[in-house]
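J.: predicted structure and sequence below. I'll ask about it afterward.
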Amino acid sequence: MHRIFAFFQKILRPYHGSVKFKNIISQSIREIGLWYGPKTYEIYGLAKLSILCFLGTNLTQIIALIMARDDTKRIFAYFSVLSFCTMGFLKLWSLFRKEKRWRSIINQASSLENEQLNNSYTPYEYESDEESDYGFSKYIDSYTKNFFLISTRLFQIYIFTAIVYMVSPFLEHGIYLYTGQPINSIPHILPGWYPLDRYTFAYIVTIFVEMLAALYCVKVHIAFDLTVIGLMIFIRGQFSCLHDYSELIGGKGKSCDISKRRDERALYRIKNCHRIHVLLIKTNHELNELIRNILGIYFFVATFTLCSVAMQLSWEQVSVMQLTSLLQYMGATLTQLFLFCHYGNAVLNESCVGQGRGPSCATIWCLSVKVRREIAILCVGMSRCYRLNAGPFNLLNLPSFIQIIRTAYSYYALLRQTTK
C-alpha cells in the first residue's frame, strides 16, 4: 500500500529543483516506470500494473467502439478518447522498444553540454584584442531554463486536463441526481465495455483501474512529449550558440596584422565549429528517425479528433459538463500539437545560418588566405537547413499547425451551416 501511495505522489508532483537538461527528461521517463536500471527493457514493478490497466482499458474501448457502430454520437465520443490512449500506447512502445536509441541521443546531447561547460584551457584559446573566453554556459543556462519552464507548464496543463476529465462524469452524475433528471448509466472515467457494473465491488475496482490507466496514459504523454521537446530545444539552443561562437573565429579584429598564432586559433575554432555542427546534424537526424512515424500518425489522429470534437460541439444537446470536457480536451490537444510544431519550426530556423551571421561575420581581415578559404567552406556547410518530419508528407513547423486548425474549423463551419 505504501508503494501505491508513493507512486501516486510521484505521478502528481510537479518538476522542481532540476537545472539539468538530461535530468528533466530522465525524471519524466522514470515516472512511467521505464529506464530504472542499467539493463535495457527493464520496467519498474508497480508500473507493470499500470501498464496492464492501461492496456485493459484500451481493449474495453475498442470493444465498445465496435458495439456502437450504429450510434454515431457514441462512436465520436469513444473515438476521441481512444485516439488519445492509442497515441499514448505508441509513445510508450517507442520509449520501451527503442530505449537504446533514445538513451544514445540523450547521452550524446548531455556529453556535448558537459564538454562545453567543463572545457579546459587549450593553447590556441588565448585572450587577444581584449577578448575573453567564450561563455557556452550562458547559452546552456538559457535554453535549459526555457525547457524547465515548458516542462512545468506542460505538466500542469496535462494534470489539470486529466483531473477535470476524471471528475466531470461523477460531477455530472451528481447534478442529474440532484435535479431529478433521468440517468441512463452509472458514470465511468473512460468510456468502454463494462459488463460487471451491476456488482458494486466490481464497479469500484473498475473505477480504480480506469483512474490508474488515465493517470498513467497522461504521464506517458508527458514523458514522451518532454523528451522530444527537450531535444528540440537543445538542438535549437546549440545551433544558436554555434552561430555566435563561429562569429569569433578570428577574434574581435582589433589587431589587423596577420600572425601565425591567430591563424592557429582560428583553425582550431573552425574545427571545433565543424565538429559541433556535425554532431548537431547527427542528433537532429536520429531524433527525426525516432519521431517521424509517431508524429505522422499523431497529425492524422489530431486532425480527425479535432473534427470529431467540432461535430460534437455542433450537436444541440450537449450538457455543460460534456462541453467543459470537450473544450479542455481540445485545448490540451492543440497545446500538444502547437509545442511540437513551434519547436520543430524553431529547429528549422536556427539550423541554417545566412548572410550577416555566423562564420560570414568572422573578422577575416586579420587572417591569412588559407584560413579565409576554410571559413568559406564552413559557411557553405552551415548554410543548409535541417527539418523534422511528421510522417512522409508533413513537416514539423507552424504552417502544418495552421493547416490542421484550418481543416478543423472548416469542418466545424460546414457542420454549422448544414444544421441550420
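T.: Yep, it's here. Numbers count the residues shown, from 1 in each chain.
J.: give me the low-pLDDT residue ranges for the protein?
T.: Residue ranges of the chain with pLDDT under 70: 1-19, 36-45, 119-134, 253-255, 313-322, 325, 415-420.
J.: check it for its longest helix and report it.
T.: helix 260-314 (DSSP state H).
J.: who are the packing partners of the helix or strand following that helix?
T.: Where DSSP states H and E defines the elements, the next helix or strand beyond helix 260-314 is helix 320-351. When contacts are defined as 3 or more C-beta pairs under 8 Å, 6 or more residues apart in numbering; DSSP states H and E, helix 320-351 packs onto helix 72-97, helix 136-179, helix 200-246, helix 260-314, helix 398-419. For the C-beta atoms, the positions are set from N, CA and C on the backbone; glycine is no exception.
J.: any idea which of those gets closest to residue 382?
T.: For these, the distance to residue 382 is smallest for helix 260-314, at 6.0 Å, taking C-beta to C-beta.
J.: would you mind getting the angle between that closest one and helix 72-97?
T.: Angle of helix 260-314 versus helix 72-97, following axes from the mean of the first three to the mean of the last three C-alpha atoms, to 10 degrees, is 150 degrees.
J.: use 787 as the first number from now on
T.: I'll keep to 787 as the first residue from here, and by that count the last item is helix 1046-1100.
J.: quick one: helix 1046-1100 to helix 986-1032, angle?
T.: Using the same axes, to 10 degrees: helix 1046-1100 against helix 986-1032 is 150 degrees.
J.: against which helices or strands is helix 1046-1100 packed?
T.: helix 858-883, helix 885-903, helix 986-1032, helix 1106-1137, helix 1155-1167, strand 1175-1176, helix 1184-1205.
J.: grab the CA positions of the second one and hand them over as CSV.
T.: Translated: helix 885-903. Only the C-alpha atoms of helix 885-903 are listed here, as CSV (Å, rounded to 0.1, in the frame of the first residue of the first chain):
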residue,chain,number,x,y,z
GLU,A,885,15.3,2.6,-25.4
LYS,A,886,18.9,2.2,-26.7
ARG,A,887,18.4,4.8,-29.4
TRP,A,888,16.7,7.2,-27.0
ARG,A,889,19.4,6.8,-24.4
SER,A,890,22.1,7.2,-27.0
ILE,A,891,20.8,10.5,-28.3
ILE,A,892,20.2,11.9,-24.8
ASN,A,893,23.6,10.9,-23.6
GLN,A,894,25.1,12.3,-26.8
ALA,A,895,23.5,15.7,-26.1
SER,A,896,24.4,15.6,-22.4
SER,A,897,28.1,14.8,-23.3
LEU,A,898,28.3,17.8,-25.5
GLU,A,899,26.9,20.1,-22.8
ASN,A,900,29.3,18.7,-20.2
GLU,A,901,32.2,19.2,-22.6
GLN,A,902,31.2,22.8,-23.2
LEU,A,903,30.7,23.5,-19.5
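J.: buried set for it?
T.: Using 16 or more other C-beta atoms under 10 Å as the test for burial, helix 885-903 gives 885, 888, 891, 892, 895, 896, 898, 899, 902.
J.: pretty sure the first one contacts residue 878?
T.: This means residue 885. No. Using C-beta atoms under 8 Å, residue 885 makes no contact with residue 878, being 11.3 Å away.
J.: ok now do residue 997, which residues does it touch?
T.: Residue 997 makes contacts with 952, 975, as judged by C-beta atoms under 8 Å, 6 or more residues apart in numbering.
J.: how far away is it from residue 976?
T.: 9 Å (C-beta to C-beta, to the nearest Å).
J.: swap in residue 1005?
T.: 15 Å.
J.: residue nearest the middle of the protein, spatially speaking?
T.: residue 1011 (2.6 Å; C-alpha atoms, centre = their mean).
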